[in-house]
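Student: Quick one: sequence and predicted model below, then my questions.
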Amino acid sequence: MENLEIRALDYIKKNNMITKGDNILIGVSGGADSVSLLMVLYALKETLDINLYVCHVNHGIRCDAGSDAQYVEKLCKERNIPFYLIEEDVPAIANEKKLTEEEAGRIVRYEAFKKNLDSVGGGKIAIAHNQNDVAETMLLNLFRGSGITGAVGIRPVRDNIIRPLLFASRTDIENYLKDLNISFCTDSTNLEDDHARNRIRHNILPYASSDINSRAVEHLYSSAESIQKAADFISVCADKALSECMREYSIKDTDSIELDIEIFNKNAAIVKETAILKVFEMLTPHRKDISKVHVMSVLDLIESRNGTKKIDLPYNLVAIRQYNKLFIRQNGAENQNNLKEIILDASKDCIIDIEGYGELSITHLECRMGQNIPDAQYTKWFDYDKIQTILKLRKRQTGDYMTLGDDQKKKSLKKFMIDEKIPASIRDDLYVLADGSHIVWVPGYRISSFYKISENTRNIIQINIQTWA
């Protein structure tokens, strides 16, 4: 058994990549990396007791790509390995979906791998990434400002995707094929410097290896492994942080996520950065244009203390801070459906611009004899000292109630809306002013008698609402 095959077997076992009897679909382009992966897994086929399949994707970019497919098919036929050929027009797909050809090609490949794996009854997809790919990805992500998550590089196992040669350098791989006297194809597009990854591959890494440290690639790979362990721990902390500060309805809402800033800010800075990245991942399948600068801009927004602020983000995302709440959503989504709850700082006079709703002002007054209490539909006075929790402007919730009449009899908000003949079609869209589950005011309708001004009132809070609706 060749040295690379022994090392691959150890790496596969160490990372629990393969189970006895697994179907393994290998993505083989015809290049040195993927041909080596095919040869290694073929050599280990009996030892691992696995079934091999090969999928080759012609991206429709090069005129000579057909010869690569023929070469891979020949390798498979000589070893009695089922071969699947997928042909797609990646440039057209990239243009249609407004992606780079690199992004579109990746999507096409993995869709092809998944489809063909399903056709053989499921299993694992084997990809030929190696140490050099880790180093390239790590540097590319760091240059783009991705932070610790990007520094991880490439994982050996992700879902049902395995990378049995991730430990090996490109030199190891080419020497292995040379010893076996196995040729491979050269993709002419990989020789060009049109893409950032190719520029790192052809210029930066060779310079680092020749002029800084001959083991530069190996050291980058080792660093990525260490950073991965740290990132995994931080990721667990970030999941816990989000579970504590992200409202349940937001998790189910693919267009908008809401965070409680006060709870969120209790976490360490690196945990908050990772949590914001996770929020981005929930809202968009793409990450290429999401960098640390965008994460930091959201964290800066969180630190802002003045009313409502908004920033635009890649992939048509927008972040909105409304006092103690942060909303990250797809731009253009209906604001009233997304801004479920607005925290009101009732301790001081202020004017709050509420996106998608209108303007709310809070004024504090001293109670004096003979004052005329306003009876305007959207301006009300309340006994400030009776407010028991933080005031919120929100949609109705189960358990909401009001107190009505001199005897302050409780009535459910639902029953109140029915008695007031509020149309059922708009009840879920109305905002209410809430003190916990006790509804202080249904703007445009009545206030709870509990909060009315009385002879015992000492401090008054006046709230005025000017809606855009």
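Tutor: That came through, no problem. Numbers count the residues shown, from 1 in each chain.
Student: pLDDT of stretch 142-157, averaged?
Tutor: Stretch 142-157 shows a mean pLDDT of 81.
Student: Ends of it, what's the gap?
Tutor: With C-alpha to C-alpha, to the nearest Å as the measure, stretch 142-157 spans 22 Å from end to end.
Student: Number the chain from 507, please
Tutor: In the new count, where the first residue is 507, that last one comes out as stretch 648-663.
Student: Residues touching that stretch, excluding its own?
Tutor: Defining contact as C-beta atoms under 8 Å, 6 or more residues apart in numbering, one finds that stretch 648-663 is touched by 517, 521-523, 635, 639-641, 643-644, 646-647, 668-669, 672, 702, 726-727, 729-730, 733-734, 736-737, 740, 776, 779-780, 783, 794, 796-799, 801. (Each C-beta comes from the backbone N, C-alpha and C, glycine too.)
Student: Let me see the contact set for residue 804.
Tutor: So residue 804 contacts 782, 817, 819, 825, 832, 834 (C-beta under 8 Å, 6+ apart).
Student: Would you list the buried entries among the residues you listed?
Tutor: Taking 16 or more other C-beta atoms under 10 Å as the criterion, what is buried in the contacts of residue 804 is 782, 817, 819, 825, 832, 834.
Student: pretty sure the last one is touching residue 820, no?
Tutor: No. Applying C-beta atoms under 8 Å, one finds residue 834 not in contact with residue 820, separated by 11.9 Å.
Student: Okay, the most centrally placed residue in the chain and residue 674: tell me how far apart.
Tutor: By C-alpha atoms, centre = their mean, the mean C-alpha position of the chain lies nearest to residue 787, the distance being 0.9 Å. Per C-beta to C-beta, to the nearest Å, residue 787 is found 30 Å from residue 674.
Student: distance of residue 906 from residue 946?
Tutor: Residue 906 sits 11 Å away from residue 946, going by C-beta to C-beta.
Student: list residues touching both of those two?
Tutor: Joint contacts of residue 906 and residue 946 (C-beta under 8 Å, 6+ apart) are 938, 940.
Student: quick one: which of these two has more around it?
Tutor: residue 946 (24 against 20; other C-beta atoms under 10 Å).
Student: which secondary structure elements does the longest helix along the chain contact?
Tutor: Using DSSP state H, we find that the single longest helix of the chain is helix 722-751. Applying 3 or more C-beta pairs under 8 Å, 6 or more residues apart in numbering; DSSP states H and E, one finds that helix 722-751 contacts helix 637-650, helix 654-657, strand 762-766, helix 767-770, helix 775-789.
Student: rerun that using 7 Å as the cut-off
Tutor: Applying 3 or more C-beta pairs under 7 Å, 6 or more residues apart in numbering; DSSP states H and E, one finds that helix 722-751 contacts helix 637-650, helix 654-657, helix 767-770, helix 775-789.
Student: which residues of the stretch 757-906 of the chain fall in helices?
Tutor: 767-770, 775-789, 798-809, 841-844 (DSSP state H, counting those that start in this stretch).
Student: on that earlier part again, tell me the buried residues within the contacts of stretch 648-663.
Tutor: 517, 521, 523, 635, 639-641, 643-644, 646-647, 668-669, 672, 726-727, 729-730, 733-734, 737, 740, 779-780, 783, 796-798, 801.
Student: State the pLDDT value of residue 823.
Tutor: So residue 823 comes in at 85 (pLDDT).
Student: tell me the contacts of it?
Tutor: Contacts for residue 823 were tallied using C-beta atoms under 7 Å, 6 or more residues apart in numbering; they are 789-790, 834, 836-837.
Student: Tell me the one of those residues nearest residue 713?
Tutor: Here the nearest of the contacts of residue 823 to residue 713, counting by C-beta to C-beta, is residue 790; it sits at 34.7 Å.
Student: Setting aside sequence neighbours, what's the nearest residue to the closest one?
Tutor: What sits nearest to residue 790 in space, not counting adjacent residues and going by C-beta to C-beta, 6 or more residues apart in numbering, is residue 821, at 4.3 Å.
Student: what does residue 686 give?
Tutor: residue 545 (6.3 Å).
Student: Let's verify the one you found: helix, strand, or coil?
Tutor: The assignment at residue 545 comes out as helix when based on DSSP: H, G, I helix; E, B strand; the rest coil.
Student: Run a quick neighbour tally on it.
Tutor: 20.
Student: I figured it hits residue 689, correct?
Tutor: No. At 11.5 Å, residue 545 does not count as touching residue 689 under the criterion of C-beta atoms under 7 Å.
Student: Quick check: pLDDT value at the residue nearest to residue 686.
Tutor: At residue 545, pLDDT is 95.
Student: ok, back up a step: give me the buried positions along the longest helix of the chain.
Tutor: Residues 722-724, 726-727, 729-731, 733-734, 737, 740-741, 743-744, 747-748, 751 are the ones in helix 722-751 that count as buried (16+ other C-beta under 10 Å).
Student: One more: stretch 864-880?
Tutor: 864, 866, 868, 873.
Student: In terms of residue numbering, what are the domains of this protein?
Tutor: 509-732, 752-844, 847-973 (automatic domain parsing).
Student: By mean pLDDT, show me the worst of those domains.
Tutor: Minimum mean pLDDT among the domains of the chain: domain 752-844, a mean of 77.
Student: Tell me the spacing between residue 705 and residue 603.
Tutor: In terms of C-beta to C-beta, residue 705 sits 25 Å off from residue 603.
Student: between the two, which one's more packed in?
Tutor: For residue 705 versus residue 603, neighbours defined as other C-beta under 10 Å are more numerous around residue 705 (15 against 10).
Student: Any idea how many residues pack against residue 678?
Tutor: Neighbours of residue 678 (other C-beta under 10 Å): 17.
Student: Once you drop chain neighbours, what's closest to it?
Tutor: residue 510 (6.0 Å).
Student: Tell me how many other residues crowd the one you found.
Tutor: With other C-beta under 10 Å as criterion, residue 510 counts 22.
Student: Now name the helix or strand holding it.
Tutor: Residue 510 is part of helix 509-520 when elements are defined by DSSP states H and E.
Student: Please, where are all the strands along the stretch 857-975 of the chain?
Tutor: Assigned by DSSP state E, counting those that start in this stretch, the stretch 857-975 of the chain shows strands spanning 864-872, 885-889, 897-900, 907-910, 915-918, 938-941, 944-947, 965-973.
Student: Can you give me the separation between residue 857 and residue 969?
Tutor: Taking C-beta to C-beta, one finds residue 857 at 11 Å from residue 969.
Student: do residue 773 as well
Tutor: 33 Å.
Student: Looking at those two, which one has more neighbours?
Tutor: More crowded of residue 773 and residue 969, by other C-beta under 10 Å: residue 969, with 22 against 19.
Student: how about the more buried one, what does it touch?
Tutor: 866, 868, 886, 888.
Student: May I see those organised as CSV, with distance to residue 959 added?
Tutor: Shown next, in CSV, are those (distance: C-beta to C-beta, whole Å):
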residue, distance to residue 959
866, 20
868, 16
886, 10
888, 8
